[in-house]
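> dropping the sequence and predicted coords here.
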Amino acid sequence: MNLHQNQLPSLKESINKYNLHAKKSLGQHFLLDPMINQQIIALAGDLTDKNVIEVGPGPGGLTRALLGSHAQKIIGVEVDQRALQLLHELQTYYPKRFTIVEHDALKLDLTTLCEAPRQIVANLPYNIGTPLLLGWLRQGQQWSRLTLMFQQEVAERVCAAPNTEFYGRLSVIAQWVAQCVIVKHIPPGAFTPPPKVYSAVINIIPKAEQPSADLFKAMEKVTAAAFGQRRKMLKGALKNIGGEVLLSGANIDGTRRAETLTILEFDQLARLYQQMNGYESNLPSTSNI
Ligand SMILES: C[S@@+](CC[C@H](N)C(=O)[O-])C[C@H]1O[C@@H](n2cnc3c(N)ncnc32)[C@H](O)[C@@H]1O
């Protein structure tokens, strides 16, 4: 800590100064408890020499915990003008390590913001958590790890096993390309204002072998068809995308339903779909996925 940092206003003082009350339209539920923010940073693993992007730093509670870690650089991406003013003030205390980017995270390729090794640590805006995650999953090993807070139901969907209530498209795609583990549950009362539901932090670590962009698209197509009509048998649900050939090629009984298929079975269907549609097959073996 340098001399200047001794004069850093407290989180509460900063929030009052910039009159930063939470806006629903921006999915804002602030996490202001320094202990919980420290615990989340600890769950992100060893940040030494890593570049960390925080999506939606807001008032900066999690950001302050990140600034106290050994991360090399911290880059905050935020859209809220009031929060941006507050963050620019915080930045004056950490001019070398902390950068603020004013941008919609959905419209920005975050990998362009810093060199690898890079991680994302974020308490995500509730309304856009899923599309943000899907975009980062497509980027595979560009990321060493994602430590993300979602509404608990979304976190459960990401990590669900076959034949369970929450197993669906997001579970298949996420667990196909990454190891996904819920590492912490956080009650509504920890947030300002409290959301209606529990939240959960997930650690997502991309696997060493990643599908090509074409295979990823094939998986999106197959899972959309299969889970689009999840009550239907697969032979019906996959009819419009050549289900009969796919199912016999993968040796899967067409009377089964999507929620019973393992990730490996979906992987086989996606590869067959990719081959049937003439994509090039420069792919890792299925055994590692
Ligand atoms: C759930 S709040 C978390 C705030 C803060 N990190 C915390 O934990 O207290 C989500 C944050 O994401 C920001 N946000 C909302 N939409 C965004 C977008 N499209 N791109 C970047 N940030 C966004 C909000 O302004 C808000 O600061």
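Yep, it's here.
> list the contacts for the residue in the stretch 1-150 of the chain positioned nearest to the ligand?
As assessed by CB to the nearest ligand atom, the ligand sits closest to residue 56 within the stretch 1-150 of the chain, at 2.0 Å. C-beta here means a position set from N, CA and C on the backbone, and glycine is covered the same way. Counting by CB atoms under 8 Å, 6 or more residues apart in numbering, residue 56 touches 26-27, 77-79, 105, 122-125.
> okay, and which of these map to strands?
Counting by DSSP state E, the members of those that fall within strands are 77-78, 122-123.
> the ligand next: which of those are close?
77-78, 123 (CB under 6 Å from any ligand atom).
> what helix or strand is residue 182 on?
Here residue 182, judged by DSSP states H and E, is contained in strand 178-186.
> that strand pairs with which strands, parallel or anti?
strand 199-206 (antiparallel) (DSSP bridges).
> in whichever helix or strand comes after the partner strand, what counts as buried?
Per DSSP H and E, the first helix or strand lying C-terminal to strand 199-206 is helix 213-228. The neighbour-count check on helix 213-228 (16 or more other CB atoms under 10 Å) flags 214-223, 225-227 as buried.
> touching, residue 122 and residue 136? I think so.
No - checked against CB atoms under 8 Å, the pair residue 122 and residue 136 is beyond contact range at 10.2 Å.
> for the ligand, what are the nearby residues on this protein?
Residues of the chain lying near the ligand by CB under 6 Å from any ligand atom: 26-31, 55-59, 61-62, 77-80, 83, 104-106, 123, 125, 128.
> circling back to that earlier point, of the ones next to the ligand among the ones in strands among the contacts of residue 56 - the most surrounded one?
In terms of neighbours by other CB atoms under 10 Å, those top out with residue 123 at 29 neighbours.
> low pLDDT regions in the stretch 101-250 of the chain?
Scanning the stretch 101-250 of the chain for pLDDT under 70 picks out nothing.
> got a list of contacts for the strand holding residue 182?
For strand 178-186, contacts defined as CB under 8 Å, 6+ apart pick out 31, 36, 39-40, 43, 137, 146-147, 149, 152, 155-156, 158-159, 174, 198-207.
> got it, and stretch 269-279?
Identification of contacts with stretch 269-279 by CB under 8 Å, 6+ apart yields 211, 214-215, 218-219, 221-223, 226, 238, 241-242, 245-247, 249-250, 252, 261, 281, 283, 286.
> for residue 129, give me phi and psi.
phi -60, psi -50 (degrees, to the nearest 10).
> burial check on the nearest residue to it once chain neighbours are set aside, number of neighbours?
For residue 129, ignoring the flanking residues on the chain, the nearest one in space by CB to CB, 6 or more residues apart in numbering is residue 150 at 4.9 Å. Using other CB under 10 Å, the number of residues around residue 150 comes to 23.
> shouldn't residue 150 be within a strand?
Yes - remark: residue 150 belongs to a strand, assigned using DSSP: H, G, I helix; E, B strand; the rest coil.
> touching, it and residue 200? I think so.
Yes - in this structure, residue 150 is within contact of residue 200 by CB under 8 Å, at 6.3 Å.
> wouldn't residue 147 be in contact with residue 44 here?
Yes - assessed by CB under 8 Å, residue 147 is found in contact with residue 44 at 4.1 Å.
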